[in-house]
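Student: Sequence and predicted structure below; questions after.
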Amino acid sequence: MLDIKFVRENKELVKENIKKKFQDHKLPLVDEAIELDIKIRQLKQQSGDLRAERNSSSSKIGLLMREKKIEEANAIKARVVEINNQLVGIEEEEGKLSEELKKIMMTIPNIIDPSVPLGKDDSENVERQVYIKPWEKGFDIPYHLDIIEKVHGIDLDAARKVAGNGFYYLLGDIARLHEAVIAYARDFMINKGFTYCIPPFMIRSNVVTGVMSFAEMENMMYKIEGEDLYLIGTSEHSMIGRFIDTITPKDKLPITLTSYSPCFRKEKGAHGIEERGIYRIHQFEKQEMIVVCEPEDSMNWFEKLYSYTVEIFTSMGIPVRTIECCSGDLADLKVKSYDVEAWSPRQKKYFEVGSCSNLGDAQARRLGIRIKGEKGNYYAHTLNNTVVAPPRMLIAVLENFLNEDGSIDVPEVLWPYMGGTKVIKP
């Protein structure tokens with residue numbers, strides 16, 4: 001969320017940013033916000049003048065009473081009552097307009113970084129770098145669900161009876177491989193100096209609206225009926241929420257955390273063969289990383305964060321590339337974002353396995369996450385990045401390390417987490 005003062009002083013820049021994101025329908029919101037802000041400031045000035053008059057008048061009442069000027073004192077008392085009634089009306093109107101302004105300000109997109117490529121949607125995202133050249137397998141790769149079923153690693157039929165489509169039971173070595181990936185990612189991030197955390201898996205609505213845009217919220221979040229609680233779509237939500245209404249001394253930054261959690265997502269509109277297995281599902285587990293830092297440090301951290309995901313995948317021998325999200329593909333709160341994509345030998349193309357985002361001070365402004373500096377308090381910058389999301393990581397491992405006989409080689413870095421198992425056999 002932008003500062004209304006920034007919008008007032010940079011109206012054309014804000015509108016140009018909206019155009020860069022191909023959201024021209026939001027252009028009128030800028031003028032609406034400025035008009036509401038003018039009205040609110042006028043009301044504040046009016047209420048300030050009335051309070052000053054009330055204070056001045058109230059101080060005279062006692063003096064008039066002592067001087068037996070009862071009629072004058074009563075007239076002033078009546079005026080004080082009138083002022084109080086006026087203030088109630090003004091405060092109600094100010095509150096109403098402030099709420100309208102807040103809704104608009106939460107809809108106006110954040111200012112994107114100048115380096116972000118312009119484009120309407122994800123079809124115009126830009127490849128930045130390839131890590132490990134993909135290799136030919138020399139045989140046809142089955143769909144990942146068929147690979148898992150051949151090693152008796154999944155039960156979708158039972159899951160449908162228990163929970164419906166979009167859920168699964170993982171079994172045996174596949175379940176163990178799933179947990180091995182999580183454990184390896186956890187230790188990898190701890191070795192990078194991040195503090196390990198297991199956060200709440202439900203958050204209140206004020207945290208939801210603090211960490212994501214309304215469109216994301218509608219498409220992702222599951223609401224707990226009868227409660228002001230939502231199931232998290234990623235642990236970033238509750239991890240950033242941990243710092244709501246806090247002021248952190250400058251010398252305590254940066255805060256670097258890595259978190260494990262299950263994640264719950266509606267995944268509206270999911271369909272087709274790629275959603276038949278475990279690629280797009282309603283519940284999965286993930287290792288995440290978040291950073292709360294000084295504004296001037298956030299771009300350096302952005303570069304570090306996505307490089308960690310790349311390093312994890314390449315340490316397993318999985319070909320990956322980085323893709324920069326274009327302006328039209330950036331969520332409204334994001335300043336800059338990279339996706340990490342793994343190679344699919346079956347599809348002969350890359351698919352998303354992680355996403356790294358710099359949100360500037362957008363989340364901090366919404367949630368009141370501030371830094372105490374030498375010259376006063378100011379908003380922090382927040383970043384988040386996927387370490388691994390094992391369902392998709394599993395697909396990458398299964399396809400890239402499948403053997404022609406149906407066995408699956410376990411990446412060497414995962415052997416200690418698999419009890420020494422090096423090959424999963426059909």
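Tutor: Ah, there it is.
Student: Relative to L171, how far out is L402?
Tutor: In this view, L402 and L171 are 18 Å apart by CB to CB, to the nearest Å. The C-beta positions use only the backbone N, C-alpha and C, and glycine is treated the same way.
Student: How far away from the center of its chain is the helix or strand of the chain with the lowest mean pLDDT?
Tutor: Scoring the helices and strands of the chain by mean pLDDT, DSSP states H and E places helix 214-220 at the bottom, with a mean of 73. Put simply, helix 214-220 sits 11 Å off its chain's centre (CA atoms, centre = their mean, to the nearest Å).
Student: Give me the contacts around the very next helix or strand once past that helix.
Tutor: Secondary structure here is assigned by DSSP states H and E; on that basis, the next helix or strand after helix 214-220 toward the C-terminus is strand 222-223. Identification of contacts with strand 222-223 by CB atoms under 8 Å, 6 or more residues apart in numbering yields 229-231, 264-266.
Student: 10 Å - rerun?
Tutor: Residues from elsewhere that reach strand 222-223 (CB atoms under 10 Å, 6 or more residues apart in numbering): 202, 205, 208, 217, 229-233, 264-266, 282-283.
Student: How about stretch 415-426?
Tutor: Where contact means CB under 10 Å, 6+ apart, the residues beyond stretch 415-426 that reach it are 147-153, 172-174, 176-177, 179-184, 186-187, 397-398, 401-403, 405-412, 414.
Student: one more time with 6 Å, if that's ok
Tutor: The contact list for stretch 415-426 (CB atoms under 6 Å, 6 or more residues apart in numbering) reads 150-151, 173, 180, 183-184, 406-410.
Student: Let's see which of these end up in helices.
Tutor: Under the assignment DSSP state H, the contacts of stretch 415-426 contribute 150, 173, 180, 183-184 to helices.
Student: so can I have a markdown table of those showing neighbour count, pLDDT and distance to L383?
Tutor: Listed next are those as a markdown table, based on neighbours: other CB atoms under 10 Å; pLDDT from 0 to 100; distance: CB to CB, whole Å:
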| residue | neighbour count | pLDDT | distance to L383 |
| --- | --- | --- | --- |
| K150 | 16 | 95 | 40 |
| D173 | 20 | 96 | 35 |
| A180 | 23 | 96 | 27 |
| A183 | 16 | 97 | 24 |
| Y184 | 23 | 97 | 22 |
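Student: And the contacts of strand 222-223, which is closest to T107?
Tutor: Taking CB to CB as the measure, T107 lies nearest M217 of the contacts of strand 222-223, at 12.2 Å.
Student: Tell me the secondary structure at the residue in the chain sticking out farthest from the centre.
Tutor: Taking CA atoms, centre = their mean, the residue of the chain most remote from its mean C-alpha position is K68, at 66.6 Å. Local secondary structure at K68 is given as coil here, using DSSP: H, G, I helix; E, B strand; the rest coil.
Student: And it, its phi and psi?
Tutor: The main-chain torsion angles of K68 are listed as degrees, to the nearest 10 and equal phi 60, psi 20.
Student: sorry, back to before: more crowded one of L402 and L171?
Tutor: Neighbour comparison, L402 and L171: the larger count goes to L402, with 22 against 14 (by other CB atoms under 10 Å).
Student: which ones are touching the more buried one?
Tutor: L402 is in contact with 147, 408, counting by CB under 6 Å, 6+ apart.
Student: Great, nothing more from me.
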